[in-house]
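Asks: no sequence on this one, just coordinates:
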């Protein structure tokens, strides 16, 4: 029997013209890309197709953006250095991460329009949604009045847009309880992978140096925050006697080891506070009454840590010993933070309502600085003061509203979630947010650091999705059958 020739379906004239037009458009895009970008421009049509696919898949796009932000470290990480390209500027003040976050938010917006669903704003986030856009506008206008271009001022607020839009995008995804649980499992796997990579960084001496010849795991806050929340979630789940995958339980020591070897003292304090909170809240139904006990215990631990005269030369012990108040004035970095804060407070007293505006540096009028840092006068080692200084009093309200709203959502997840793992995530988030309040007094993470803000904003949206998730029909049926028995 002879082979049959291949036969292609015939195209009518209209379809043929459409195909030719598509081919011509693709060729024009490729030529324009080559003219503008060189050989890399040949990928322009492929990038447009990929963009179209991402815009039609909101859940996959949001997950992709969060996963890439977790996996791609900045320039301080010694291995997989090619991942820093995620944070390069692709057009003036716009980074590739800005483009990806905007794509994810736009994909959710398009999905809402297609399905004719109204945008849902969780009640706990109403304060942030009200104050933050106004604060962003004030920061841009005041910065522009001081001499900066309005485009540059708005471009400098890109991370604030993450904090505003990304929680709403995640909260409006259609995810059922099973999908939410699997999503938490995937984030746990990414946290375990990051812990392993961080320990390889230390073992191979690839990382940044600290305390002499020692190297650290992660200096940037994003990976440390992920490992902290993952470790606290596993701890809370174990205390609640929830069933967890064995690999996740076995990875917990790696998570905390990676966090300890980051040498970030603020994260150490957050971890200590988080562990105490998780232990008290998870093991007792009266967790609300025990919150003050945990705060007292952590304060006592910090005081005890600072009052011990350590003689060991281990880097981790030397770093812990630097927490003592008597050494803050000796350590140049800590001295800088104190002098910086005095100057920032002086600037806020001069402009209490409008702040200085975006792109406007503060001046060292109250105290001279022991050392000058590049772009140091655009930064503040205290997140609430950064919001107030750059965005005015509305910025301070926006920051407080975001933290309080996130804590309210975490509390609701702990109290009302249907599955133990989801409740454990609520407890861990609540403990982590308590630690974040402490961390944000030593460095500005929320709304300032791009990668951290992506993770924290996605976490807020995920908490909102879990907190207000209606039970699935099979869950209601199971609950009714249990009540009947």
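Replies: Received it, and whenever you're ready, just let me know what you need. Everything numeric in this text was worked out from a predicted model, so none of it was measured. Numbering: from 1, shown residues only.

Asks: Tell me where the model's unsure across the chain.
Replies: Within the chain, the ranges that satisfy pLDDT under 70 run 1-49, 211-213, 283-332, 334, 469-485.

Asks: change it to 80
Replies: Where the chain drops to pLDDT under 80, the residues are 1-53, 207-214, 282-334, 374-375, 469-485.

Asks: quick one, longest helix in it?
Replies: helix 177-203 (DSSP state H).

Asks: for it, packing partners?
Replies: In terms of contacts (3 or more CB pairs under 8 Å, 6 or more residues apart in numbering; DSSP states H and E), helix 177-203 is packed against helix 58-71, helix 221-239, helix 246-250, helix 252-260, helix 420-439, helix 450-467. Yep, even glycine has a C-beta here, placed from its N, CA and C like the rest.

Asks: Just want the angle from that helix to helix 450-467.
Replies: Here the directions of helix 177-203 and helix 450-467 differ by 150 degrees (axes from the mean of the first three to the mean of the last three CA atoms, to 10 degrees).

Asks: in helix 177-203, what's buried?
Replies: 177, 180-181, 183-184, 187-188, 190-192, 194-195, 197-198, 201-202 (16 or more other CB atoms under 10 Å).

Asks: In this structure residue 367 contacts residue 343, no?
Replies: Yes. Shown here, residue 367 and residue 343 form a contact pair, counting by CB atoms under 8 Å, at 6.1 Å.

Asks: So between those two, which is more surrounded?
Replies: Under the neighbour definition other CB atoms under 10 Å, residue 367 and residue 343 were set side by side, and residue 343 has more, 19 against 14.

Asks: quick one, what contacts the more buried one?
Replies: 362, 363, 364, 365, 366, 367, 369 (CB atoms under 8 Å, 6 or more residues apart in numbering).

Asks: The third one should be in a strand, yeah?
Replies: Right, the one you point to is residue 364. No. Assigned with DSSP: H, G, I helix; E, B strand; the rest coil, residue 364 falls outside any strand and is coil.

Asks: count of neighbours near it?
Replies: Neighbourhood size, residue 364 [other CB under 10 Å]: 17.

Asks: before we move on, what about the first one?
Replies: Residue 362 has 24 neighbours, counted by other CB under 10 Å.

Asks: With residue 92 instead?
Replies: Neighbours of residue 92 (other CB under 10 Å): 8.

Asks: ditto for the one 5 residues further on
Replies: Neighbouring residues of residue 97 were enumerated by other CB under 10 Å; the total is 22.

Asks: which residues does it contact?
Replies: Contact analysis of residue 97 by CB under 8 Å, 6+ apart lists 69, 86, 87, 450, 451, 454.

Asks: what about 7 Å?
Replies: The neighbours of residue 97, taking CB atoms under 7 Å, 6 or more residues apart in numbering as the test, are 69, 86, 87, 450.

Asks: next one: residue 205
Replies: Applying CB under 7 Å, 6+ apart, we find residue 205 in contact with residue 215.

Asks: What is the three-state secondary structure of it?
Replies: Residue 205 - assigned by three-state DSSP - is coil.

Asks: For residue 78, see how far away it is.
Replies: 8 Å (CB to CB, to the nearest Å).

Asks: got it, and residue 234?
Replies: The gap separating residue 234 from residue 78 is 27 Å, by CB to CB.

Asks: got a list of contacts for stretch 151-159?
Replies: Here stretch 151-159 makes contact (CB under 7 Å, 6+ apart) with 92-94, 98, 136, 139-140, 143-144, 358-359, 447-448, 450, 453.

Asks: Just the ones in strands from these, please.
Replies: residue 94 (DSSP state E).

Asks: from the contacts of stretch 151-159, which is closest to residue 349?
Replies: residue 139 (18.3 Å; CB to CB).

Asks: List the contacts of the closest one.
Replies: Residue 139 neighbours (CB under 7 Å, 6+ apart): 157, 355, 357, 358, 390, 391, 395.

Asks: got the phi/psi numbers for the residue lying closest to residue 201 once chain neighbours are set aside?
Replies: Nearest residue to residue 201 in three dimensions, chain neighbours excluded: residue 207, at 4.4 Å (CB to CB, 6 or more residues apart in numbering). Main-chain dihedrals, residue 207, degrees, to the nearest 10: phi -80, psi -180.

Asks: Neighbours of residue 207, how many?
Replies: Residue 207: 24 neighbours (other CB under 10 Å).

Asks: what do you get for residue 441?
Replies: Other residues near residue 441 come to 17 when the count uses other CB under 10 Å.

Asks: Over to residue 411?
Replies: Residue 411 has 21 nearby residues by other CB under 10 Å.

Asks: backbone phi and psi for it, please?
Replies: When read as degrees, to the nearest 10, the backbone of residue 411 gives phi -60, psi -40.

Asks: That one reaches residue 433, doesn't it?
Replies: No. With contact defined as CB atoms under 7 Å, residue 411 does not count as touching residue 433 (9.6 Å).

Asks: Closest one to residue 437 out of the contacts of residue 139, please.
Replies: Ranked by distance to residue 437 (CB to CB), these are led by residue 395 at 16.7 Å.

Asks: Show me what the strand or helix carrying that closest one is packed against.
Replies: Using DSSP states H and E, residue 395 maps to helix 393-416. Secondary-structure packing of helix 393-416 (3 or more CB pairs under 7 Å, 6 or more residues apart in numbering; DSSP states H and E): helix 126-145, helix 383-391, helix 420-439, helix 450-467.

Asks: now the angle from the shortest one to helix 393-416?
Replies: In this case it means helix 383-391. Relative orientation of helix 383-391 and helix 393-416, computed by the same axes, to 10 degrees: 140 degrees.
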